[in-house]
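Peer 1: what's the 3D shape of this:
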Amino acid sequence: MFDLLIHFLQNTGYYLADYRHYIMLVVGFSFLYLGTSKNYEPLLLVPIGFGILVGNIPFFKGFGIGIYENNSVLHYLYFGVTTGVYPSIVFLGLGAMTDFSSLLSQPKLMLLGAAAQMGIYFTLLSALFLGFLPREAASIAIIGGADGPTSIFLTAKLAPHLIGPIAIAAYSYMALIPVIQPPIMRLLTSRKERLIKMPPSREVSKKELIIFPVVGVLLCCYLAPTALPLLGLLFLGNFLKECGVVDRLAKTAQSAIIDTATIFLGFTVGCSTQADVFLTPKALGIFFLGAVAFSIATASGVIFAKIMNLFLKEKINPLLGAAGVSAVPGSAREVHLMGLKEDPTNFLLMHGMACNSSGVIGSAICAGILWSFFM
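Peer 2: Numbering: from 1, shown residues only. As a prediction, this is how the structure comes out:
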């Protein structure tokens, strides 16, 4: 009986745990704290944080428990991550929730969404310089788009062994937008520039809103066919919303479907951060490069807005360039809040959403291009 008791105790998580598991538990608790107490992107950080806790409970190998063990429940749930199913479903819901009227009313703001993608290509070169393999470098670079689902989708195709670190880095920086972006925006703009008021958006017709997703999917996916799994569903979701004849489908896409996919995506990504897989020198390098990528993406958007102002009669508030990253709606909200701090009557939210939504499209196109180059 005593031998059985000893055998049982040796199979418990308390016995099997080492210092790495405790480090990851601290990371999981930090995510839960930021999501629940600080309200930083709770829809992302809460399922990811809880998944980190679950993924770092030690167990005896061979029982079919862990996310990396064939035929385990977690392994089957993780299938949606490794195949890109969850990110595509998230894009469907995102399309059904997005109003492109602000973008259509001021098409020039699309350029800011494109400019913010410079962080992707700078980080690609940096990762190659630091010795990452080309596929790994491409997967790390997409963090610069500040789009978690896109980062997961591309990494699943090119470097699936890095899904955990890249996903955690991407979502961490998305959640830390209020910390990362404001200092960069203040550094690169003067108070006079931050006080620039944008003109009211013109009224966009229903016909334009219906035509846009059809034209958008053709233009974007003919350019980058490998972006079809993301942009095809993004524009489908938007067409469901705007066509006006399938309200039930649109409401389902923007609520039950995207919420379900977000839960499983966040939880399984968190579970994939097992200490023995996650705590590696490469993971630390990914976090460093992710911070660089996000910062450069923010800065390049702001700088490009200032360059545009050299040629425009009607000036653009350069803060909007920071909303060109794909972190919807966090970066647009941060731009709006900074504008309000300078002038309580300066409302930039809808203009920021125009840049934000074009950034989503831009990062998905970049992911498709990188996939086609490095497959």
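Peer 1: all helices of the stretch 51-200 of the chain, in order?
Peer 2: 73-82, 85-97, 101-105, 110-115, 118-129, 134-141, 148-158, 163-175, 177-188, 191-194 (DSSP state H, counting those that start in this stretch).
Peer 1: Please identify which of these is closest to Tyr22.
Peer 2: helix 163-175 (17.1 Å; C-beta to C-beta). Backbone N, C-alpha and C define where each C-beta goes, glycine included.
Peer 1: orientation of that closest one relative to helix 177-188 in degrees?
Peer 2: 60 degrees (axes from the mean of the first three to the mean of the last three C-alpha atoms, to 10 degrees).
Peer 1: What is helix 163-175 packed up against?
Peer 2: Packing partners of helix 163-175 (3 or more C-beta pairs under 8 Å, 6 or more residues apart in numbering; DSSP states H and E): helix 19-36, helix 42-55, helix 148-158, helix 258-271, helix 275-278, helix 281-309.
Peer 1: follow-up on the earlier one: using a markdown table, lay out the helices of the stretch 51-200 of the chain together with distance to Ile67, mean neighbour count and mean pLDDT.
Peer 2: As requested, those are arranged in a markdown table below (distance: least, C-beta to C-beta, whole Å; neighbours: other C-beta atoms under 10 Å; pLDDT from 0 to 100):
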| stretch | distance to Ile67 | mean neighbour count | mean pLDDT |
| --- | --- | --- | --- |
| helix 73-82 | 4 | 18 | 91 |
| helix 85-97 | 14 | 24 | 94 |
| helix 101-105 | 38 | 20 | 89 |
| helix 110-115 | 34 | 23 | 88 |
| helix 118-129 | 26 | 20 | 87 |
| helix 134-141 | 19 | 26 | 90 |
| helix 148-158 | 14 | 27 | 90 |
| helix 163-175 | 9 | 26 | 84 |
| helix 177-188 | 28 | 18 | 90 |
| helix 191-194 | 46 | 14 | 91 |
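Peer 1: picking that back up, quick one, which of the helices and strands packed on helix 163-175 is packed in tightest?
Peer 2: Mean neighbour count (mean count of other C-beta atoms under 10 Å) peaks for helix 148-158 among the helices and strands packed on helix 163-175, with a mean of 27.
Peer 1: how many neighbours does Leu219 have?
Peer 2: For Leu219, the neighbour count with other C-beta atoms under 10 Å is 12.
Peer 1: try Ile6
Peer 2: So Ile6, with other C-beta under 10 Å, has 11 neighbours.
Peer 1: Please, which helix or strand holds it?
Peer 2: Taking DSSP states H and E as the criterion, Ile6 maps to helix 2-10.
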